[in-house]
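Student: Kindly generate the corresponding structure for this input.
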Amino acid sequence: MNEPFPPLTPPGAPKPPAPVWATAASHTPAPTVSEPFAPAAPSAPSAAPSPKPKRTVGPVFVVGAVLASSLLASGGTVALISATTHAPAPTPATATAQQASAQNPASSAAGGSQAPVVDIVKAVSPAVVTIVADGVTETDPTTGQTGTGTATGSGVIFDGNGLILTNHHVVAGDPSKLTVHLNDGRAFVGRIYGIDTLTDLAIVKIDATGLPTAPIGDSSNIQVGQQAIAIGSPLGTFTDSVTSGIVSALGRSIPVEDGSTLSNLIQTDTAINPGNSGGPLLDPTGKVIGINTAAASQAQNIGFAIPIDIAKPLLAQASAGKPLARPYLGIRFETIDPTVKSEYKLPVDNGAWIPSIAAVDQANGQGSRGFQDPNGQFPFDPNGQNPNDQGGSLPAETSVVAGGPAAQGGIQPGDIITAVDGTTLDATHPLDLVTSQYVPGTSVKLDILRNGQTTQATVVLGTRPAAG
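Tutor: Down below sits the predicted model:
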């Protein structure tokens, strides 16, 4: 989960350039708006909804899988955040995938072996929708002017009773009206069921039953180089467009134009254009492995999708009629890579390190509370609070929230979490990705390295506090 703390940058490490990525939704302002948006697109045929933009990313490519300095803490209860991978919890959306297959016979055609793209498109396109948000309020980051317009994106039906997965930025901006256009020509008024702000996911509900659904896949088994297929509504006009490419990389982290960071993303060279936001990224069997969300604004063939495993707990909660909620550990951690291991003299190659002030100061050759982040601000405020911490104040000497789930389970600063319920943590399975598949209230067993000794701790995951 992308948490409010800045990453711990090792001393002397070069600071990467700060690219700006753009979301893959398409925005068309109302004629009365005073120039905060791009000019309105040419009118589309009456049968097609007006466009909404895609999120884009800036000209400089983000380096690899950026370290996520994470406190499993902040976020909202219904408007929530996070990321996912495997599914040990009994309620994640394995059931949702089975339900999708049962409701959509085409999912069996998408089966376990590679299918021709034409067959995949025939099977999945009926479950891909176009979402039009009218009366969206937006501020031009260049001029600061605010106005209203129309935003258009895509979505995918995962529950035949009218539940649609899309991007948060597709329905953001307090729209006055949401209209969901189905592949068969029908249109329904939609409402926002819930949002997942940190991962840019949202669920929209329409009053309909018996809808076609897309088969839900497993993003934990994705291989770099495998085929990837996108279906959506680029520019909001060219509905049901299909593009195909490959998975270019995994575990990417990118900053987007609203100032937030998206982590654990799938990178693909499949064409992702404005209006594709919220649409599905499919594997060679026709199953949904990601939700398209961003693309490079000044480059070609660099697009990003949120892995579907991140969304599975949300799908299960929505299908059960429950509010969206994310798990909460109450720690700040650093994902261990070779640089972090070397600079902080850690004994293992992988895992989630819960830093202590002493360890950080020692690595920086500074006194107590001497560590400063790249922006020149203390990650631990001398008054005992971190102004960026939306999930509770942290004492100045600790990265474990007092009274939080981790603290209650005996987790201490300096601990290295190496596994969660038997899932080993590594570069492709970071702590935030693994824990986000669980629902609040789940008891998880953590393997821990403490002062050179291995031990275990059992933690009952809390509910992520509302953003404050």
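Student: Low-confidence bits of the stretch 51-200 of the chain, can you list those?
Tutor: The model of the stretch 51-200 of the chain has pLDDT under 70 over residues 51-113, 141, 197-198.
Student: hey, where'd the strands end up in it?
Tutor: With DSSP state E, counting those that start in this stretch as the criterion, the stretch 51-200 of the chain has strands at 53-57, 70-71, 128-139, 146-159, 163-167, 177-181, 187-196.
Student: From the contact counts, what lies against the third one?
Tutor: Taking 3 or more CB pairs under 8 Å, 6 or more residues apart in numbering; DSSP states H and E as contact, the helices and strands that strand 128-139 lies on are strand 146-159, strand 163-167, helix 168-171, strand 177-181. All C-beta spots, glycine's among them, are computed from the backbone N, C-alpha and C.
Student: I'd like the ones you listed as CSV, with mean neighbour count appended.
Tutor: As requested, the helices and strands packed on strand 128-139 are exported to CSV (neighbours: other CB atoms under 10 Å):
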stretch, mean neighbour count
strand 146-159, 27
strand 163-167, 28
helix 168-171, 29
strand 177-181, 20
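Student: ok so, going back, of all the strands of the stretch 51-200 of the chain, which one is nearest Leu431?
Tutor: Taking CB to CB, strand 70-71 is the member of the strands of the stretch 51-200 of the chain nearest to Leu431, at 7.1 Å.
Student: Pairing-wise in the sheet, spell out the partners of Thr146.
Tutor: The residues listed as beta-bridge partners of Thr146 by DSSP bridges are Thr139.
Student: Hmm, it is touching Val136, no?
Tutor: No: counting by CB atoms under 8 Å, Thr146 does not reach Val136; the two are 11.0 Å apart.
Student: hey, which helix is longest across the chain?
Tutor: helix 308-319 (DSSP state H).
Student: Now do it against strand 146-159, angle only.
Tutor: Put simply, helix 308-319 runs at 80 degrees to strand 146-159, going by axes from the mean of the first three to the mean of the last three CA atoms, to 10 degrees.
Student: For helix 308-319, list the C-alpha coordinates in PDB.
Tutor: Extracted in PDB, the C-alpha atoms of helix 308-319 (Å, rounded to 0.1, in the frame of the first residue of the first chain):
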ATOM      1  CA  ILE A 308      -6.400  -7.600 -10.400                       C
ATOM      2  CA  ASP A 309      -5.300  -9.300  -7.200                       C
ATOM      3  CA  ILE A 310      -5.200  -5.800  -5.600                       C
ATOM      4  CA  ALA A 311      -8.900  -5.500  -6.400                       C
ATOM      5  CA  LYS A 312     -10.100  -9.000  -5.400                       C
ATOM      6  CA  PRO A 313     -10.900  -8.200  -1.700                       C
ATOM      7  CA  LEU A 314     -12.900  -5.200  -2.900                       C
ATOM      8  CA  LEU A 315     -14.800  -7.300  -5.400                       C
ATOM      9  CA  ALA A 316     -15.700  -9.800  -2.700                       C
ATOM     10  CA  GLN A 317     -16.900  -7.200  -0.300                       C
ATOM     11  CA  ALA A 318     -19.000  -5.400  -2.900                       C
ATOM     12  CA  SER A 319     -20.600  -8.700  -4.100                       C
END
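Student: Following element in sequence after that helix, please.
Tutor: Going down the chain from helix 308-319, the next helix or strand is strand 327-328, by DSSP states H and E.
Student: Can you name every helix or strand that that following strand contacts?
Tutor: Counting contacts by 3+ CB pairs under 8 Å, 6+ apart, strand 327-328 is packed against strand 462-463.
Student: before we move on, the earlier item: which of the strands of the stretch 51-200 of the chain sits closest to Ala419?
Tutor: Closest approach to Ala419 among the strands of the stretch 51-200 of the chain (CB to CB): strand 70-71, 16.9 Å.
Student: how about the strands in the stretch 351-468 of the chain?
Tutor: Counting by DSSP E, counting those that start in this stretch, residue ranges of the strands within the stretch 351-468 of the chain are 352-353, 416-420, 423-424, 443-450, 453-460, 462-463.
Student: Just send those back as TSV, with distance to Ile195 too.
Tutor: Formatted as TSV, the strands of the stretch 351-468 of the chain follow (distance: least, CB to CB, whole Å):
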stretch	distance to Ile195
strand 352-353	26
strand 416-420	26
strand 423-424	27
strand 443-450	25
strand 453-460	25
strand 462-463	16
